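*Asks:* sequence unavailable; structure follows:
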Ligand SMILES: [Cu+2]
């Protein structure tokens with residue numbers, strides 16, 4: 001229902017955008033495919049973002065650590081995560097292989113995700129702009145381990161991390177309509193997740209041992225899926241102010257044993273100018289992501305992130321940004337610097353998940 005409403009609002013917010021050389025000529029930096037280019041133009045860009053997650057939520061509500069330790073562990077009948085050398089040296093012949101705890105025993109404390117996106121845009125005609133992007137990500141998580149049974153004592157903390165080339169994408173923006181006050185364009189593209197999807201890391205187990213396991217889904221640099229990206233962007237110029245909106249779908253069309261869920265994204269933004277060289281923006285961003293499809297049978301641990309159902313959900317973000325026209329590099333066109341600060345204002349994630357905190361994006365764009 002919300003989707004239908006959003007699609008209609010995109011179609012009806014129709015009111016100039018010849019202002020490509022003004023700061024307001026590009027949308028907030030957190031958007032992709034917000035503008036297109038004139039025939040023969042090139043643009044290269046780099047964007048860096050940092051996002052944190054802290055605390056945990058169960059079905060959309062804040063949850064205490066004590067309650068997390070009472071959540072059932074879906075892998076409780078499986079053998080305890082171990083490394084072979086530990087069992088060769090410690091195992092008694094008459095002892096059963098230990099099973100995993102019946103309840104979750106490891107709690108994520110904090111997660112930091114950094115991304116670097118390198119992009120290029122080229123317009124072979126006024127009708128079509130091609131866009132390519134390469135993305136690197138770096139993820140870090142701090143976790144606390146508790147004893148798996150009896151008194152559930154806190155045993156200690158550890159950190160896992162991964163960093164890799166994560167995605168490449170190629171898309172085309174089709175200029176549907178453009179006049180003094182409104183422009184419309186379609187977005188179509190492919191996005192390939194190319195990083196490692198079964199990276200291992202050292203963890204502290206609820207038996208107070210250190211061992212290497214396949215990291216849970218959220219810590220993997222990639223899911224190896226190929227996604228179809230489709231969308232539509234509408235930008236209106238109303239007396240020097242900009243009102244834009246955009247709908248984007250990311251749908252997995254080819255996947256391995258598991259993949260992150262399909263995504264629906266809606267952006268509604270407002271921009272104004274202090275002068276030709278500085279503009280400000282306010283953006284509402286709604287993201288609806290499905291749970292993980294499939295599973296990796298090696299991902300098994302007494303922690304929420306090892307369960308494919310504890311992924312996805314709905315998030316509403318508010319972004320505040322600034323665009324600047326700068327002259328750092330020589331050339332016919334001036335360059336652009338932009339920042340956006342994004343805060344979640346409502347999050348209803350599926351199952352047990354960490355809570356999003358602020359995200360910060362900074363980008364630099366150079367037209368050639
Ligand atoms: Cu561009």
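*Replies:* Great, that's in hand. From a predicted model like this one, the values you see are computed outputs, not experimental measurements. Residues are numbered from 1 along each chain as shown.

*Asks:* now for residue 117: which residues touch it?
*Replies:* 45-49, 133-136 (C-beta atoms under 8 Å, 6 or more residues apart in numbering). For glycine as for every other residue, the C-beta is placed from the backbone atoms N, C-alpha and C.

*Asks:* as a markdown table, the residues you listed with pLDDT would be great.
*Replies:* Formatted as a markdown table, those follow (pLDDT from 0 to 100):
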| residue | pLDDT |
| --- | --- |
| 45 | 96 |
| 46 | 97 |
| 47 | 98 |
| 48 | 98 |
| 49 | 98 |
| 133 | 97 |
| 134 | 97 |
| 135 | 97 |
| 136 | 97 |
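
*Asks:* mind checking pLDDT for the one residue in the stretch 51-200 of the chain that gets nearest to the ion?
*Replies:* The minimum distance from the stretch 51-200 of the chain to the ion, using C-beta to the ion, falls at residue 121 (4.0 Å). On pLDDT, residue 121 comes in at 97.

*Asks:* could I get the buried residue list for the helix or strand containing it?
*Replies:* Using DSSP states H and E, residue 121 sits within strand 106-122. By neighbour count with 16 or more other C-beta atoms under 10 Å, strand 106-122 contains the buried residues 106-109, 111-113, 115, 117, 119, 121-122.

*Asks:* distance to residue 333 added to the residues you listed, as TSV?
*Replies:* Shown next, in TSV, are the buried residues of strand 106-122 (distance: C-beta to C-beta, whole Å):
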residue	distance to residue 333
106	51
107	50
108	45
109	45
111	38
112	35
113	32
115	26
117	21
119	16
121	13
122	14
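
*Asks:* pretty sure residue 66 sits in a strand.
*Replies:* No: Residue 66 is assigned helix when assessed by DSSP: H, G, I helix; E, B strand; the rest coil, not a strand.

*Asks:* tell me, how many residues neighbour it?
*Replies:* 9 (other C-beta atoms under 10 Å).

*Asks:* wait, what's in contact with residue 162?
*Replies:* Residue 162 neighbours (C-beta under 8 Å, 6+ apart): 138-139, 196, 199, 201, 215, 219-221.

*Asks:* measure it to residue 293 for me?
*Replies:* 21 Å (C-beta to C-beta, to the nearest Å).

*Asks:* name the element residue 49 belongs to?
*Replies:* Here residue 49 sits within strand 42-58, counting by DSSP H and E.

*Asks:* any bit of that strand sitting next to the ion?
*Replies:* Yes: using C-beta under 5 Å from the ion, strand 42-58 reaches the ion at residue 43.

*Asks:* still on that earlier bit, in a markdown table, list the contacts of residue 162 along with neighbour count and distance to residue 258.
*Replies:* Below are these laid out as a markdown table (neighbours: other C-beta atoms under 10 Å; distance: C-beta to C-beta, whole Å):
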| residue | neighbour count | distance to residue 258 |
| --- | --- | --- |
| 138 | 16 | 21 |
| 139 | 22 | 17 |
| 196 | 16 | 13 |
| 199 | 18 | 14 |
| 201 | 17 | 17 |
| 215 | 26 | 13 |
| 219 | 20 | 13 |
| 220 | 24 | 9 |
| 221 | 22 | 14 |
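
*Asks:* around the ion, which positions in the stretch 1-150 of the chain sit nearby?
*Replies:* 43, 121.

*Asks:* let me see the ranges of the helices in the stretch 1-150 of the chain.
*Replies:* 2-12, 65-68, 84-90 (DSSP state H, counting those that start in this stretch).

*Asks:* over to the stretch 151-300 of the chain?
*Replies:* Going by DSSP H, counting those that start in this stretch, the stretch 151-300 of the chain shows no helices.

*Asks:* which residues of it fall in strands?
*Replies:* 154-178, 182-193, 200-204, 210-214, 226-238, 241-254, 258-259, 263-275, 278-289, 293-294 (DSSP state E, counting those that start in this stretch).

*Asks:* residue 316 is nearest to which of those strands?
*Replies:* When the strands of the stretch 151-300 of the chain are ranked by proximity to residue 316, the top entry is strand 278-289, at 5.3 Å, counting by C-beta to C-beta.

*Asks:* average pLDDT for the closest one?
*Replies:* Mean predicted lDDT for strand 278-289 stands at 98.

*Asks:* which of the residues in that strand are buried?
*Replies:* 279-281, 283, 285-289.
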